[in-house]
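1. give the three-dimensional model of this entry:
(2 chains)
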Amino acid sequence: MNDEVITRRLLLKRAGALGLLAGLQPFISSCVSHRLLSPTHPRPDISTLSGELIDLVISERSFALNGKTGMASAINETIPGPLIRLKEGQEVTLNVTNHLKEVSSIHWHGILLPSHMDGVPGVSFSGIEPGTTFTYRFPVKQSGTYWYHSHSGGQELQGMYGAMILDPIEPEPFQYDRDYVVMLSEWSGESSEVMLDNLKKFSGYYNFQKRDAQEFLADAVRWGLWPALRNYVMWDEMRMDPTDFADVTASTFTYLMNGLPSAHNWTGLFRPGERVRLRFINAAAMTFYDVRIPGLTMMVVQADGQNIQPVTVEEFRFGPAETYDVIVQPSEDRAYTIFAETMDRSGYARGTLAPRPGMEGEIPERRARPLRTMEDMGMADHGNGHTGHAMEKSSMNLPGDPNDHGPMHGEDMNYAPEGHGRDRSPILGAIPVRHGPDHHGTGNQTVAEHSQNRMHEPGRGFEQSSRRVLVYTDLKSLVPYQDQRAPEREIEFHLTGHMQRYMWSFDGKKYSDAPEPIRVRYGERLRLTFVNDTMMEHPLHLHGMWMYLENGSGAYLPRKHTVVVKPAERLSVAVTADASGPWAFHCHLLLHMEAGMFRIVEVSV
Amino acid sequence: MTFAVFVLIVGLGAARAEAESMQGHAAGIPDSSSIVGPISERAQTEVPVVSQQRWPSPVMDRERRLFTLVDVLEYRPRTGGDGSNSDYRWDVEGWYGGDYNRLWFKSEGQQDTAFKADYDVDFQLLYGRFLWKHYDIQVGGRMETQSFRGGNVARGMGVIGLQGIVPYYYEFESSLFIDQGGAVSARLSYTKDFLLTQRLILQGRFQTNVAIQRVEEFTTGSGLNNLEFGARLRYEIHRKFAPYMGLSFDRSFGETARLVRQQGGDSSQIRFVVGVRMWF
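-> Residues are numbered from 1 along each chain as shown, chains lettered A, B, ... in the order given. Predicted coordinates for the structure are as follows:
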C-alpha cells in the first residue's frame, strides 16, 4: 500500500517536471511561484497546505480575465485559494488574517465542527475584522472532498474559495492512480451587490435567451401557429418566463475550472489505462453545472464527501456547493474534454484529461436552452380530478414538446410502499401533495399547487438525453448509517420567492422578517420537508449536521450537506441533531441567500 | 400642504412596516413510531457566550435602493400641417426603498400633444406599499403646471395609484387624482414589450385620461379626455441604455378636443418620435 503511494508521488513529480501548464499565465501576477504539480493541485501555482497549523491570509488583488479587470478577494493570493489537505483524526488550527477593508470570514463547508468555528458572521461569530486574525480550531472527524469559502457578502464570488480534502484513516473502498480536484466556479467583473441591484430592478437583466420573435416563428413552424401562440400567451398570462434557468448568466460570467477559463484549458495528465479520481466541487456562486467527459463513463464513488455505492453515469448535474467524486479510466492515448455546461446553456467551463500537456479534446456541440413546463409550477394534471388543469396542461406542453414527459414518471414510482427491505423505503411526496391554503403572502409569487418528489428525474434540459444522467435516487450510502430512528418531528419549509421583484425567502418571509431561530432539541431525530413553490432549483445547505436524503434507500440513505430541490418538488431529509448551537440554513445560490432565503437553526438541550 | 399630507402618510406606512410576525410552520408527525435511540456520543461543545447583539446580520436582505426609469425621453419633429411643432416629451419614474415600502417619484412632460396644446409638466411624490403579489398601492401628491392662454397655471392634487404587472405581462399604472378644487380625474396606462430579438424590442404603449369635472385651464373636459397608442422600437445597446424610434397616435375627444383646439392645438395627431430609454 505504501508502495503504491510512493509510485503515485513519483509519477506526479515527473508530471510536474514536464512543466505542465508552464505556459500558463497566472492571473495574479504576484504568485508566479511554480511549484511541483502535486496530485490534487487544482493549478500548479496553487499550494497545498497540510499539518496541524495553517496560516491563511485574505487580501484584495486585481484580477484580469478575458480583458476584464476586477477586484478579487483572494486567500493566500490565489484563486482558488490553497488546497487544504488534512487527515481524519487530526486536530487543526487555522489562523485566518483579514487584510481586506471589510469584515471577512471563512466557512468550512460540510465540515462537522463546533458551531463557533463554523465561520458564519452573525450566526457563529462576529466575523473577522479588518487587520485581525481569527483562529479556527477543530478536530477533523470525517473524510472526503469538501471546500471552504467566505460567508461574508459577495466575497465568495470575488474569489474566496478553495478545496479541502480530508484523507480517511481507513483505506478508501476504491482504487485509483491519479487524483485531481476539479473545482468549478465563475468570475465576473461585477460584484454581487451590483448583480443583486440589477436583478432587483429588472429580474431578466442577465437573461439573453428569452423567447423572441425568431423563436416564436420557429415554434409556429414546428407546432403550428395556434398551439405556439397559446403557449406563449399562457406564459404571459401567468406573468412567468419559461426561459428562467439562471438568474446570472454567461452575459457577465466567465466560467472557471480550477480558476482557469476554458481558453486556458486546465489539464490533468494520465497514462492510458490508469484510473483517475476527479473530485468535482461546485464552488460557483450562482451556477448549476452539467458535467460529462465525452468518451468516458464516470463511476461516482462519493457524494458530498461521503462514500456511496458506486454508480456509473455519463453525466451529472450539480448545484452550488455540492461535490461528487468520480473515477474514470481513460484507455486511449488521446485528450478527453471535461465539459461542464451551465444548466441554462449560456456557457461552459472545460478542461482536459490528456496523456501529454498541451493537448486538447473536441469541445462538444452545445445544447439548446431548455424550457420550463407546467410541472415546474406544480400545475401538472395528476388525475386527481382537477379537470381544469388538463386543458391548461395541453396548451402549455405542446404536441411533441420534448418537455412533455408527464405521465411517464407516474409509472416509475412504484416504490415499495410497505414491507420494504433494508435497502428500500418509501419516498415522501411520491404521490403529489396538494398545496395548503397559505399562499405565503405578498412576497411570494406562486405556489406549487401540487408538489411531488422528483429525485428520480435528472432535471430540466435532459428530457431528450440518451445519456445516463445521475439522479438522487441513485445515491446509496456505502454502509448503513448509524442513526436509524424514524424522525420524531417534521418541519416543513416552503421555498418561496418572487422572480420579478427578485425576492427569495422561506415560507414567504425573508430572514430579516423571521430572524427567530428554528429551535431543535439536541439529540432529536428530525425530518425537514422542503416544498419548492418557485420555478427554480434551490441548493439548500444545512450547516453543522448531515441531511440524510430520504430517497428510498432504506438503511442506506445518503447523507449530504447540500441538497438541490427542483421546481415544484417535495423532498424530505432526516437530520440527527447531534451538534448544539446556532447553525445557518440557507439556499446556496449566493444572491438568493443575500436576498433573505436564510434561517438559523438552533440546536439546544 | 399636499406635501404635509404626504409626509404623514409615509410616516404611517413606515410604522406599519415595522410590525411583522415571524416563523415558519412546524408540525409534529401524527403517528410515526418514534424510536428514540442513542445518538452518537459526540461531545456537546460549549458555545461561548458572546454578546450576539452586536453581530452583523448574516445576510443583507434589507438594503434600500434607488431606481430611476426614463421610459420615454424623446424628440418629436414637426410633421407639418395643422400647426404642430417640434417638441419634447418625457415619462420618468422611480423609487427609493426596499422590497415592500418605497418612496415613488414620477414625472411626465409633454408639449403640443392632442391633450395639451402647449406644454404640461407634472411631478408626483408617492408612498408605495407592495400590496399583493404583483401590485403596489401608492398614495401621495402631484403638482401639475401648464400654459393656458399664454400664462402659467398650476394646481396640486392628491393621488391614489395602483401599479404593477397584470396578467398577460402588461405593465400597468393607474392613478386617481383629486385636485385642490375637488375635480376628479384619472389616468391609466399599459406598456408591453415584444422581443423581436434579445436586444431589439418593440414597446407597445397605451394611455388614456378621463375626468369627471371640466377644468378649462387644464384643457380637461368631462368624460373621456384622450387616447394614445404608441409603438417604440428600441435597441438595447446595454440593458440600461436603449435608443429608440417610433410612432405615437394621440387623439382627444369631445369637450377636451374643443378646448385643445381653442388653445391652438391639434386634437388628433400622428407623430414620429426618436428618443432614448434608460434606467439606473
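2. residue A:304 touches residue A:564, doesn't it?
-> No: at 11.2 Å, residue A:304 does not count as touching residue A:564 under the criterion of C-beta atoms under 8 Å. No exception for glycine: its C-beta is placed from N, CA and C like everyone else's.
3. what residues do these two have in common as contacts?
-> Listed contacts common to residue A:304 and residue A:564 are residue A:322; contacts here mean C-beta atoms under 8 Å, 6 or more residues apart in numbering or on different chains.
4. burial measure for residue B:121, as a count.
-> Residue B:121 has 17 neighbours, counted by other C-beta atoms under 10 Å in any protein chain shown.
5. quick check: residues of the stretch 401-550 of chain A near chain B?
-> With the criterion set to C-beta under 8 Å from any C-beta of the partner chain, the stretch 401-550 of chain A comes near chain B through A:438, A:442-445, A:482-494, A:498, A:500-501, A:503, A:506-507, A:509-516, A:518, A:522-523, A:525, A:527.
6. which of the residues you listed fall within strands?
-> Among these, DSSP state E puts A:489-494, A:498, A:503, A:506, A:518, A:525, A:527 in strands.
7. pull the most distant pair out of the residues you listed.
-> The widest separation within these, taken as C-beta to C-beta, falls between A:498 and A:525 and amounts to 34.2 Å.
8. strand partners of the lengthiest strand in chain A, parallel vs antiparallel please.
-> Ranked by residue count under DSSP E, the longest strand found in chain A is strand A:53-65. Within its sheet, strand A:53-65 is paired with strand A:68-75 (antiparallel), strand A:91-98 (parallel), according to DSSP bridges.
9. buried ones in the last one?
-> Right, strand A:91-98. Neighbour-count burial for strand A:91-98 flags A:92, A:94, A:96, A:98 (criterion: 16 or more other C-beta atoms under 10 Å in any protein chain shown).
10. run through the bridge partners of the last one.
-> Residue A:98 has the following beta-bridge partners by DSSP bridges: residue A:58.
11. same thing with the first one?
-> Applying DSSP bridges to residue A:92 yields these beta-bridge partners: residue A:138.
12. what separates it from residue A:49, distance-wise?
-> 10 Å (C-beta to C-beta, to the nearest Å).
13. quick one: the helices in the chain?
-> In the absence of a named chain, chain A is used. A:2-17, A:192-201, A:213-223, A:225-237, A:387-396, A:406-412, A:590-594 (DSSP state H).
14. actually it's chain B I care about, not the one you picked
-> Using DSSP H, helices in chain B cover B:2-18, B:254-262.
15. pick out the shakiest of those helices, pLDDT-wise.
-> Mean pLDDT across those is lowest at helix B:2-18; the value there is a mean of 41.
16. returning to what we had before: hey, least reliable of the strands paired with strand A:53-65 by pLDDT?
-> Across these, strand A:68-75 gives the lowest mean pLDDT, at a mean of 87.
17. residues touching it, excluding its own?
-> Contacts for strand A:68-75 (C-beta under 8 Å, 6+ apart): A:28, A:56-64, A:79, A:81-82, A:100, A:104, A:106, A:150, A:155, A:158-162, A:187-191, A:254.
18. any of the residues you listed buried? List them.
-> Here, 16+ other C-beta under 10 Å leaves A:28, A:56, A:58-59, A:61, A:63, A:79, A:81-82, A:100, A:104, A:106, A:150, A:155, A:158-162, A:187-191, A:254 buried among the contacts of strand A:68-75.
19. neighbours of residue 226, just the number please.
-> This is for chain A. 10.
20. sorry, I should have been clearer: chain B.
-> Residue B:226 has 25 nearby residues by other C-beta under 10 Å.
21. doesn't residue B:114 make contact with it?
-> Yes: counting by C-beta under 8 Å, residue B:114 is a contact partner of residue B:226 at 5.7 Å.
22. any common contacting residues for the two?
-> By C-beta under 8 Å, 6+ apart, residue B:226 and residue B:114 have these common neighbours: B:250-252.
23. include distance to residue A:308 when you put those residues into CSV, please.
-> Formatted as CSV, the shared contacts of residue B:226 and residue B:114 follow (distance: C-beta to C-beta, whole Å):
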residue, distance to residue A:308
B:250, 68
B:251, 70
B:252, 73
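24. now, of these, which are buried?
-> Buried among the shared contacts of residue B:226 and residue B:114 by 16+ other C-beta under 10 Å: B:250-252.
25. narrow those to those in strands?
-> Judged by DSSP E, strands contain the following of those: B:250-252.
26. so what's the residue in the stretch 251-400 of chain A that chain B sits nearest to up against?
-> The stretch 251-400 of chain A approaches chain B most closely through residue A:251 (8.8 Å), counting by C-beta to the nearest C-beta. The contact partners of residue A:251, by C-beta under 8 Å, 6+ apart, come to A:206-208, A:346.
27. how close does it get to residue B:185?
-> Distance, residue A:251 to residue B:185, by C-beta to C-beta: 43 Å.
28. now do residue B:256
-> For residue B:256 relative to residue B:185 (C-beta to C-beta), the value is 11 Å.
29. what residues are shared contacts of these two?
-> Listed as contacting both residue B:256 and residue B:185 by C-beta under 8 Å, 6+ apart are B:211, B:220, B:225.
30. reformat those residues as JSON lines; add neighbour count and pLDDT.
-> Below are the shared contacts of residue B:256 and residue B:185 laid out as JSON lines (neighbours: other C-beta atoms under 10 Å in any protein chain shown; pLDDT from 0 to 100):
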{"residue": "B:211", "neighbour count": "22", "pLDDT": "96"}
{"residue": "B:220", "neighbour count": "26", "pLDDT": "93"}
{"residue": "B:225", "neighbour count": "26", "pLDDT": "95"}
